[in-house]
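Q: Just to be clear, the model below is a prediction. Sequence and coordinates:
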Amino acid sequence: MLCRALFVLSLSAGLSLATGPREQRYQHSALLDSGGRYRLRWGHREGSIAFLLEVQTRGYVGFGLSSAGAMASSDIVIGGVRGGKPYLQDYHTDMSRELKKDFKQDYRLEYALENSTHTILAFSRDLHTCDPNDKTITESTLRVIWAYHSDDLGEVGLDYHGSNRGGKSLRLLNPENLNVVPEETPYFNLTNQNVPIPYKDTTYWCQMFKMPTVHKKHHVVKVQPLIQKGHENLVHHILLYECDRHLNDSVLDYGHECYHPNMPDVFLTCETVIFAWAIGGEGFTYPPHAGLSIGTPSDPKYVLMEIHYDNPSYLEGLIDSSGIQMFYTPHLRKYDAGVIETGIWVSLYHMIPPGMPEFISEGHCTLECLEEALNHEKPTGIHVFAVLLHTHLAGQAIKTRHFRKGEEQKLLAYDNAFDFNFQEYQLLQEERTILPGDNLVTECRYTTRGRSRMTWGGLSTRDEMCLSYLLYYPKINLARCESIPEIKEQLQFIGVKEIYKPMTSWPFIIKRPKKYNNLSFTDAMNTFQWTKKKGISFNELVLRVPMNVRCSKHESEEWSVQGMIVSPPEVKKLYEPESFMCVSASCVHYSPFLHLLLLVYISIHAIGNRWLFVH
């Protein structure tokens with residue numbers, strides 16, 4: 001079939017330098033540089049997104065979307081005001097970072113202003129432009145890159161921006177959080193006091209706190225991090241756990257390294273997560289109908305704050321006093337909110353071979369666990385309103401899948417471009433109901449290229465996790481709903497025949513065959529000669545082996561299905577998301593009649609819109 005291009009007349013709108021952009025279009029904002037010289041505002045609606053740049057320069061301004069956070073293979077727009085006339089041009093770069101002007105200009109300049117100090121540009125584009133040189137904008141994390149120069153774009157091109165450049169990860173389609181907490185709302189702080197950070201790459205520090213004494217029920221309605229200035233890259237995540245309420249104030253003297261042999265036993269009573277924050281995220285404001293309950297006999301009295309310090313450069317002499325701030329009110333919400341940790345039980349039984357371009361792990365919040373807990377606590381179901389997705393350095397993508405009677409529903413949450421240094425709650429566009437008989441699967445996609453040894457489930461950032469923290473209401477007695485693949489078939493894959501029993505050490509020791517004799521199972525896995533083909537076969541095995549169910553209540557209690565061995569559920573139907581169809585004009589079957597109709601339409605449109613032309 002012959003394809004003939006159809007050429008369509010473009011109509012250019014006049015650009016006013018007097019009338020400013022509509023502020024209500026930009027629901028989100030972020031400072032992209034540490035000096036406050038480059039501010040981005042943005043908002044999205046019905047298939048398009050609008051940007052507003054406010055940059056401290058009288059030269060050109062560059063803004064782009066990048067897969068890896070660098071200039072290579074990026075979608076870039078460059079604009080400014082030169083000689084009183086606005087300009088905006090759509091570019092892209094190849095792998096060698098060469099800047100090339102797009103044949104198809106998809107960014108629409110709507111407003112431009114230059115004053116004595118700043119350049120302001122407002123422009124928009126479609127989320128899907130059908131241009132292979134443009135990045136499609138989805139709910140996943142995007143790496144935004146920026147640059148500026150004191151001079152404008154000239155006839156011969158751009159002057160190099162030098163150090164006036166940078167990048168930042170953002171979720172451009174995150175729903176706007178319209179919930180505002182009044183300034184006079186009381187708050188309390190839970191902060192460490194001058195904690196010395198050990199000379200090692202990973203430290204978990206635990207500190208006990210007593211919740212404030214209130215004489216009636218209150219709701220916490222907002223939580224935000226208090227990160228010591230200069231430690232933004234040191235504090236990786238903060239978890240707040242509810243502890244045994246029968247403790248006494250003597251525990252408040254305890255601050256100690258978590259998961260350490262000398263850790264106080266009292267820390268082991270703190271297992272239920274009531275709030276989670278991770279690096280790059282901002283504070284979280286609860287919806288107007290839900291809040292975290294405090295002040296009643298059944299509410300947390302003592303809490304443990306766990307801070308993960310990530311110090312890969314082994315910096316010495318670091319002292320930290322970071323923590324969190326919690327806003328609370330006596331004006332009660334309709335529902336008490338809770339947190340359920342779902343995904344893969346953090347364990348050495350979660351293992352990823354080296355050198356893998358892609359490896360998939362799944363953690364199941366099983367039908368058995370949800371059915372028992374929900375039928376006992378809330379047969380009509382719970383309502384999820386936000387999700388925090390969490391994995392580590394090998395994690396490339398993560399999603400929380402939702403199944404009902406074997407049929408997959410719309411994804412609960414996802415991030416196909418996960419950034420370890422940017423983790424924040426995803427506020428759901430619409431709340432999702434979880435019913436008895438449902439099951440959830442947290443699926444993580446990893447890459448271990450460049451690694452020569454196994455990657456294990458564990459606490460270090462060099463280890464791995466695969467977790468989803470679900471914020472929901474009304475609160476039920478379910479703290480963790482997780483799984484871990486059984487170890488027996490994983491070891492059989494590498495030829496293990498027998499282990500020493502009873503198991504008196506961890507990791508346990510292998511007896512047969514001879515080549516693994518007296519090796520721990522972790523050493524045996526590292527001894528195995530992994531190849532890409534063997535890794536793929538191992539992955540296929542892990543996704544179908546029986547799994548151990550973790551189904552725990554608050555305060556260290558368990559539902560009866562805890563420890564049950566189940567097989568991965570049968571999937572009857574996969575969810576098929578709506579796909580965006582791109583139709584190229586150059587490949588439309590040519591029809592003289594269609595061509596005539598198009599010309600008539602253009603003529604009428606041009607006559608009816610004469611006012612758009614600028615003379």
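A: Looks like it came in fine.

Q: element containing residue 533?
A: Residue 533 is part of helix 532-542 when elements are defined by DSSP states H and E.

Q: which strands and helices sit next to that helix?
A: Using 3 or more CB pairs under 8 Å, 6 or more residues apart in numbering; DSSP states H and E, the elements in contact with helix 532-542 are strand 359-365, helix 487-493. C-beta coordinates here come from the backbone N, C-alpha and C atoms, glycine included.

Q: now with 10 Å?
A: Using 3 or more CB pairs under 10 Å, 6 or more residues apart in numbering; DSSP states H and E as the contact test, the elements touching helix 532-542 are strand 351-352, strand 359-365, helix 487-493.

Q: Only C-alpha atoms, please: export that helix in PDB.
A: Extracted in PDB, the C-alpha atoms of helix 532-542 (Å, rounded to 0.1, in the frame of the first residue of the first chain):
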ATOM      1  CA  LYS A 532      22.000 -15.600  32.200                       C
ATOM      2  CA  LYS A 533      20.200 -18.800  31.000                       C
ATOM      3  CA  LYS A 534      20.400 -20.400  34.400                       C
ATOM      4  CA  GLY A 535      19.200 -17.200  36.000                       C
ATOM      5  CA  ILE A 536      16.100 -17.100  33.800                       C
ATOM      6  CA  SER A 537      15.400 -20.700  34.600                       C
ATOM      7  CA  PHE A 538      15.800 -20.000  38.300                       C
ATOM      8  CA  ASN A 539      13.400 -17.000  38.000                       C
ATOM      9  CA  GLU A 540      10.800 -19.200  36.400                       C
ATOM     10  CA  LEU A 541      11.100 -21.700  39.200                       C
ATOM     11  CA  VAL A 542      10.900 -19.100  42.000                       C
END
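
Q: show me the contacts for the most centrally placed residue in the chain.
A: The chain has residue 423 as the residue nearest its centroid, 4.4 Å off, counting by CA atoms, centre = their mean. Taking CB atoms under 10 Å, 6 or more residues apart in numbering, we find residue 423 in contact with 141, 169, 236-237, 276-281, 388-391, 398, 415.

Q: can you rerun that using 7 Å?
A: By CB atoms under 7 Å, 6 or more residues apart in numbering, residue 423 lies in contact with 278, 279, 280, 281, 388, 390.

Q: In terms of distance to residue 427, which of the residues you listed ranks first?
A: Nearest to residue 427 among the contacts of residue 423: residue 388, at 10.6 Å, using CB to CB.

Q: Wait, that closest one touches residue 422, no?
A: No. Look at residue 388 against residue 422 with CB atoms under 7 Å: they stay out of range, at 11.9 Å.

Q: what about the stretch 451-600 of the chain, any weak spots by pLDDT?
A: Applying pLDDT under 70 to the stretch 451-600 of the chain picks out residues 580, 583-600.

Q: rewinding a little: and the residue nearest to the centre of the chain, backbone torsions?
A: Main-chain dihedrals, residue 423, degrees, to the nearest 10: phi -130, psi 120.

Q: What separation is there between the nearest residue to residue 541 once chain neighbours are set aside and residue 505?
A: Nearest non-adjacent residue to residue 541, counting by CB to CB, 6 or more residues apart in numbering: residue 493, 5.8 Å away. Remark: distance between residue 493 and residue 505 (CB to CB, to the nearest Å) = 22 Å.

Q: Please say which of these two ends up with more neighbours.
A: Taking other CB atoms under 10 Å, residue 493 and residue 505 do not tie; residue 493 has more neighbours (15 against 8).

Q: Let me know the distance separating residue 375 from residue 438.
A: Separation of residue 375 from residue 438 (CB to CB) stands at 12 Å.

Q: Show me which of the two is the more surrounded one.
A: Counting neighbours by other CB under 10 Å for residue 375 and for residue 438 shows that residue 438 has the greater number, 20 against 12.

Q: excluding its backbone neighbours, what's nearest the more buried one?
A: residue 404 (5.1 Å).

Q: Check residue 582 too.
A: Leaving aside its chain neighbours, residue 582 sits nearest to residue 130 (3.6 Å; criterion: CB to CB, 6+ apart).

Q: Name whatever forms a beta bridge with the closest residue in space to residue 164 that isn't next to it in sequence.
A: Excluding the flanking residues, the one nearest residue 164 by CB to CB, 6+ apart is residue 148, at 5.1 Å. With DSSP bridges as the criterion, residue 148 is bridged to residue 61.

Q: how far away is residue 148 from residue 123?
A: According to CB to CB, residue 148 and residue 123 sit 15 Å apart.

Q: now do residue 141
A: Applying CB to CB, the value for residue 141 to residue 123 is 22 Å.

Q: what does residue 495 give?
A: Residue 495 sits 60 Å away from residue 123, going by CB to CB.

Q: More neighbours: which of the two?
A: Counting neighbours by other CB under 10 Å for residue 495 and for residue 123 shows that residue 123 has the greater number, 22 against 13.

Q: what about that one, which helix or strand?
A: strand 119-126.

Q: quick check, distance from that strand to the centre of its chain.
A: 26 Å (CA atoms, centre = their mean, to the nearest Å).

Q: Buried residues, stretch 70-88. List them.
A: Within stretch 70-88, the residues that qualify as buried are 71, 73-82, 86-88, counting by 16 or more other CB atoms under 10 Å.

Q: do the same with stretch 354-371
A: Under the neighbour-count criterion of 16+ other CB under 10 Å, stretch 354-371 has 354-356, 359-371 buried.

Q: just those now: which is nearest residue 96?
A: Of the buried residues of stretch 354-371, the one sitting nearest to residue 96 (CB to CB) turns out to be residue 355, at 26.8 Å.

Q: Show me what the mean pLDDT comes to for stretch 242-256.
A: Summarised as a single mean, pLDDT over stretch 242-256 is 85.

Q: hang on, I meant stretch 426-440
A: Mean per-residue pLDDT for stretch 426-440: 95.

Q: okay, how far is it across that stretch, tip to tip?
A: With CA to CA, to the nearest Å as the measure, the ends of stretch 426-440 fall 17 Å from one another.

Q: list the buried ones in it?
A: Neighbour-count burial for stretch 426-440 flags 426, 427, 428, 432, 434, 435, 436, 438, 439, 440 (criterion: 16+ other CB under 10 Å).

Q: Same list, these, but as CSV with secondary structure and distance to residue 543 please.
A: Supplementary listing: these in CSV, determined by DSSP: H, G, I helix; E, B strand; the rest coil; distance: CB to CB, whole Å:
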residue, secondary structure, distance to residue 543
426, strand, 25
427, strand, 30
428, strand, 27
432, strand, 25
434, strand, 23
435, coil, 25
436, coil, 25
438, strand, 20
439, strand, 15
440, strand, 16
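
Q: And the furthest pair within the residues you listed?
A: Across the buried residues of stretch 426-440, the longest distance by CB to CB is 25.6 Å; it joins 427 and 436.

Q: if we can go back for a sec, more neighbours, residue 388 and residue 422?
A: Legend: neighbour count by other CB under 10 Å for residue 388 and residue 422, higher for residue 388 (23 against 19).
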